[in-house]
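Chemist: whatever this is, show me its structure:
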Amino acid sequence: MKRAAGFLALGFATGFIILTILKMRPSAVDPVPSPAWSPDRKAEVLQFWKLYDQATRFRLQGDWPGADAAYHAALGLDTGHEDSLYNLGNVLFELGRFAEAAETWRRLAEINPSSARAHAQLGALFSCGVAGAPFEPAEAEREFEKALDINKEESGAVLRIGEIALLRGNISRARRYLEAAAASNSKCGGAFYLAGYLFWLEGDAVAAAIRLKRAIQAGRESAPPAEGAGRLSLLTPYWSGISSWEETGVTKIKVDDEYRRLDWFLHSIRERQPVRVAP
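Modeler: Numbering: from 1, shown residues only. Purely as a prediction, here's the structure:
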């Protein structure tokens, strides 16, 4: 009797796990064909996963045209597959097809209103500064705020909102978000670097040097950058460029030189007009 009860409990547990996995799947297509499906349905499902796997291989190899074709073919079989939409957006970004990338991530956000990553990629696209990409800081800020509303643990969005506030000259807002990003993620080199700049603006060279040293240390410990537009921002080259520095070499003269360079860049960016992407 005990053995039967044990098997029954195991059966319920197994069933619960399977149902949980199915609920968590980002697609309506299941990789394991159901015995109740017609032969055509089974073939369609298997073909979808074949195309998806092929697209993934192409993407990881940097074969953007191949990945583009394979993701489009996969989405022809399952138009709402979230990972395919997300990754296709990254591929289109790499191909310089920015309007299509924006449209793809917007589709993802429509299909899943809780997709923080869709809004984060849109925010990154509108603020990355890549030649030919739309430069719309206000729109980027709204997208990052949506990502943060969905996922309060999204430290990347916190940093980007602080960044954009700095680009737009809103120093108090920039300070608030940059301090929050640094507090939530000790490896956020960008937050420390830009916080140092704010101290430099106030004439506090000592505090600026301390933050710059923290940025150097955090840069060595940080994770690899995200894919697509998410790996880029207008200010990334500044803090990523100091990762090879030694903390002992951070002198007052070096701090002044570094932040004067950033200050000149920020002033030049504030004079730029938004470049809109076609709807």
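Chemist: give me the neighbour count for Ala70.
Modeler: Under the neighbour criterion other C-beta atoms under 10 Å, Ala70 is assigned a count of 24. Every residue, glycine included, has its C-beta placed from N, CA and C.
Chemist: quick check: it touching Trp49?
Modeler: No - using C-beta atoms under 8 Å, Ala70 is not in contact with Trp49, being 11.5 Å away.
Chemist: who touches the helix or strand hosting Ser84?
Modeler: According to DSSP states H and E, Ser84 maps onto helix 82-94. For helix 82-94, the surrounding residues in contact (C-beta atoms under 8 Å, 6 or more residues apart in numbering) are 26-27, 52, 55-56, 59, 64, 67-68, 71-72, 74-75, 78, 98, 100-102, 104-105, 107-108, 111-112, 115, 117-118, 121, 125, 227-230.
Chemist: in helices, which of these fall?
Modeler: Cross-referencing the contacts of helix 82-94 against helices under DSSP state H gives 52, 55-56, 59, 64, 67-68, 71-72, 74-75, 98, 100-102, 104-105, 107-108, 111, 117-118, 121, 125.
Chemist: of those residues, buried ones?
Modeler: By neighbour count, with 16 or more other C-beta atoms under 10 Å, the ones in helices among the contacts of helix 82-94 hold 52, 55-56, 59, 64, 67-68, 71, 74-75, 98, 100-102, 104-105, 107-108, 117-118, 121, 125 as buried.
Chemist: and the pLDDT at Leu85?
Modeler: pLDDT, Leu85: 98.
Chemist: for Phe98, list the residues it contacts.
Modeler: So Phe98 contacts Leu92, Leu125, Val130, Gly132, Ala133, Pro134, Val277 (C-beta under 8 Å, 6+ apart).
Chemist: burial measure for the fourth one, as a count.
Modeler: I take that to be Gly132. Quick note: Gly132 (other C-beta under 10 Å) scores 10 neighbours.
Chemist: so is it in a helix, a strand, or just coil?
Modeler: coil (DSSP: H, G, I helix; E, B strand; the rest coil).
Chemist: these two touch, right, it and Gly96?
Modeler: Yes - look at Gly132 against Gly96 with C-beta under 8 Å: they come within range, at 5.9 Å.
Chemist: where does the stretch 51-200 of the chain have low pLDDT?
Modeler: Within the stretch 51-200 of the chain, no range satisfies pLDDT under 70.
Chemist: if we use 90, what do you get?
Modeler: Scanning the stretch 51-200 of the chain for pLDDT under 90 picks out 129-131, 152-156, 185-187.
Chemist: distance of Ala218 relative to Tyr193?
Modeler: 9 Å (C-beta to C-beta, to the nearest Å).
Chemist: which of the two has more residues huddled nearby?
Modeler: Legend: neighbour count by other C-beta under 10 Å for Ala218 and Tyr193, higher for Tyr193 (29 against 21).
Chemist: where does the more buried one sit, in terms of helix or strand?
Modeler: helix 189-201.
Chemist: what sits up against whichever helix or strand comes after that helix?
Modeler: Stepping forward along the backbone from helix 189-201, the first helix or strand reached (DSSP H and E) is helix 205-221. By C-beta under 8 Å, 6+ apart, the surrounding residues in contact with helix 205-221 are 182, 186-190, 192-193, 195-197, 199-200, 239-240, 242-243, 245-247, 250-252, 255-256, 258-259.
Chemist: in PyMOL, how would I select the buried members of these?
Modeler: To isolate the buried members of the contacts of helix 205-221 in PyMOL, using 16+ other C-beta under 10 Å:
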select buried, resi 182+188+189+190+192+193+195+196+197+199+200+239+240+242+245+250+255+258+259
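Chemist: related to what we said a few turns ago, next one: the helix holding Tyr193 to chain centre, how far?
Modeler: Centroid separation for helix 189-201 versus its chain: 22 Å, with C-alpha atoms, centre = their mean, to the nearest Å.
Chemist: just stretch 251-271 next, same as before
Modeler: 26 Å.
Chemist: okay, buried residues for it please.
Modeler: Val255, Glu258, Tyr259, Leu262, Leu266, Ile269.
Chemist: likewise for stretch 137-156?
Modeler: So, applying 16+ other C-beta under 10 Å, buried residues of stretch 137-156: 137, 139-148, 150-151, 154-156.
Chemist: alright, I will stop here.
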